[in-house]
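A.B. asks: Sequence and predicted structure, then a few things I'm wondering about:
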Amino acid sequence: TGDLMNRISEDVGKVRMYVGPAFMYSVNTISLFVIVISYMISIAPELTLYTILPLPILSFTIYKLSRIINIKSTLVQEMLSKMSSFSQEGFSGIAVIKSYNLESKINANFNDLATESYEKNMSLVRVQAWFFPLMILLIGCSNLIVIYVGGNQYINGEIEIGVLAEFIIYVNMLTWPVAVVGWITSIVQQAEASQKRINAFLKEQPEIEDGIGLQGKIEGNLKFKNVTLRYPETNIQALNNISIYIPKGTTVGVIGNIGSGKTTFLDLISRLYDPSKGTIELDGNDLKKYRLEELRSAIGYVPQNAFLFSESIEDNIRFGAIEAKEEDIIKATKKAAVHQNITEFKEGYKTLLGERGVTLSGGQIQRVSIARVFIKDPKIAHKQIDGKQTNGAVTATNAVAIKKGSLLGKKAVAAIKATTHAFGFINWKSA
């Protein structure tokens, strides 16, 4: 997350500098060069030739320094991404860090990253620091050439004294454009490095391809036919040859040990993954034929670690149905057994939540998430429950199941008694 946010903010900012100031100054510099040098040639061609002799050296120097800046800019941006990711994880897991008394270790790790980032930035700055002195040095050489060659030409009567003074003025007029060349080159090289990082994730194609779309409403009849899933990143087999039929209107409990494949089984229904082998059918049609928007609109999902946004409680529930009215929200929260808790807050449903809903307790976060499913009124609902969740959360979820038909992923065997069907995972096989 930190790396992605860094690319969105820092890298996009550097590209913006290229398409804005860098482009503007480039046009200004090129125009001034063409006009001034053309006029110099019209006055004294030989003196102009001597005056612009340092320019090839300037071009070569810029080329060599630009390549170094490009490489070092990429390293700096990658280091900044590491620091952003580390910081984001630290803030997200601050409770764990404090409970295990890891503040000193985390601070030490961050200091190591900061030191490494400082060294990479200083390495880049040292190269960039060569630009302006070199530009001014070359302009100074041009002035010396004008004075020496032009002075000899004046002594020999080839040019007037006014031409010599005029050339010195022209050379000094080119000082700022030449100095800007270094700054523009630095911006362009940093923008190039940043654009490559931006393109890296813009070109990423989703592994889950959208379906062609099917006519008719989704009823909710699910069928797994010899479904096997092996994660390509780790080559771990999560599910093996699962076959089960779940008719609409049923409540199915999915139980099993940690790592047995319960969450993976539920994620397959929303097509967060596609099976390696076998097929999943919804109302007799292959799940892959449905458009993702169409499929997921018919599914209500409450994860084990429910997520709430930094919005009001009302707006968090309305994520399930954007156009929902206030009475619909209240009705949903009553079914989820959280209405009473919400009314006890000073601002009620308008209460603003902190990041990830930290204003609420764990049980309240779960129930608000369940209310989000109620207000969505999906054809298929599935929720993950562990042994620590309250009976209120289990009761609320079962209300969804009885009305619409759902799957409950559970580690708490006590919660399974409210389901109409149940099956478990043992060693990645259905039992």
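C.D. replies: Looks like it arrived, so ask away. Numbers count the residues shown, from 1 in each chain.

A.B. asks: which residues of this structure score low on pLDDT?
C.D. replies: By pLDDT under 70, the low-scoring segments of the chain are 1-9, 59, 178-179, 182-183, 186, 355-357, 379, 381-431.

A.B. asks: all strands for it, in order.
C.D. replies: With DSSP state E applied, the chain shows strands at 222-230, 237-246, 251-256, 277-282, 285-286, 299-302, 380-385, 406-410, 421-426, 429-430, listed in chain order.

A.B. asks: Pull the contacting residues for Asn121.
C.D. replies: Listed by C-beta atoms under 8 Å, 6 or more residues apart in numbering, the contact partners of Asn121 are Val76. Any C-beta I mention is one placed from the backbone N, CA and C, and that applies to glycine too.

A.B. asks: how much space between the residue nearest to Glu103 when sequence neighbours are not counted and Phe86?
C.D. replies: Spatially, and ignoring its direct neighbours in sequence, Glu103 is nearest to Ile97 (6.3 Å; C-beta to C-beta, 6 or more residues apart in numbering). According to C-beta to C-beta, to the nearest Å, Ile97 and Phe86 sit 12 Å apart.

A.B. asks: again with Tyr100
C.D. replies: Using C-beta to C-beta, we find Tyr100 at a distance of 17 Å from Phe86.

A.B. asks: Neighbour count for the two, which is higher?
C.D. replies: The residue with more neighbours, out of Tyr100 and Phe86, is Phe86; 17 against 10, by other C-beta atoms under 10 Å.

A.B. asks: hang on, that one packs against Leu113?
C.D. replies: Yes. At 5.9 Å, Phe86 counts as touching Leu113 under the criterion of C-beta atoms under 8 Å.

A.B. asks: what's the nearest residue to Lys376 once chain neighbours are set aside in contact with, if anything?
C.D. replies: Nearest non-adjacent residue to Lys376, counting by C-beta to C-beta, 6+ apart: Gly320, 3.6 Å away. By C-beta under 8 Å, 6+ apart, the contact list for Gly320 reads Gly300, Ala332, Ala371, Arg372, Val373, Phe374, Ile375, Lys376.

A.B. asks: Look up how far Ala337 lies from the last one.
C.D. replies: Same thing as Lys376. The gap separating Lys376 from Ala337 is 17 Å, by C-beta to C-beta.

A.B. asks: and if you look at the first one?
C.D. replies: When distance is defined by C-beta to C-beta, Gly300 is 17 Å away from Ala337.

A.B. asks: And those two? Which one has more around it.
C.D. replies: Each of Gly300 and Ala337 has its neighbours counted (other C-beta under 10 Å); Gly300 has more, 24 against 20.

A.B. asks: which residues in the stretch 251-400 of the chain form helices?
C.D. replies: Assigned by DSSP state H, counting those that start in this stretch, the stretch 251-400 of the chain shows helices spanning 262-269, 292-297, 313-318, 326-335, 339-343, 362-376, 391-404.

A.B. asks: Buried by neighbour count: which residues of the fourth one qualify?
C.D. replies: Residues of helix 326-335 classed as buried under the neighbour-count rule (16 or more other C-beta atoms under 10 Å) are Asp328, Ile329, Ile330, Lys331, Ala332, Thr333, Lys335.

A.B. asks: I'd like these laid out as TSV, including distance to Ser31.
C.D. replies: Listed next are the buried residues of helix 326-335 as TSV, based on distance: C-beta to C-beta, whole Å:
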residue	distance to Ser31
Asp328	63
Ile329	61
Ile330	66
Lys331	68
Ala332	64
Thr333	65
Lys335	70
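
A.B. asks: Let me know the closest of those to Val125.
C.D. replies: The closest of the buried residues of helix 326-335 to Val125 turns out to be Ile329 (C-beta to C-beta; 54.4 Å).

A.B. asks: Now the closest one: closest residue in space, sequence neighbours ignored.
C.D. replies: Distances taken as C-beta to C-beta, 6+ apart put Ile317 closest to Ile329, at 5.2 Å, once the chain neighbours are dropped.

A.B. asks: ok, that neighbour - contacts?
C.D. replies: Ala324, Ile329, Ala332, Thr333, Val368, Ala371, Arg372, Ile375.

A.B. asks: For these, please prepare TSV with the additional fields distance to Leu353.
C.D. replies: As requested, the contacts of Ile317 are exported to TSV (distance: C-beta to C-beta, whole Å):
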residue	distance to Leu353
Ala324	18
Ile329	15
Ala332	17
Thr333	14
Val368	9
Ala371	14
Arg372	13
Ile375	17
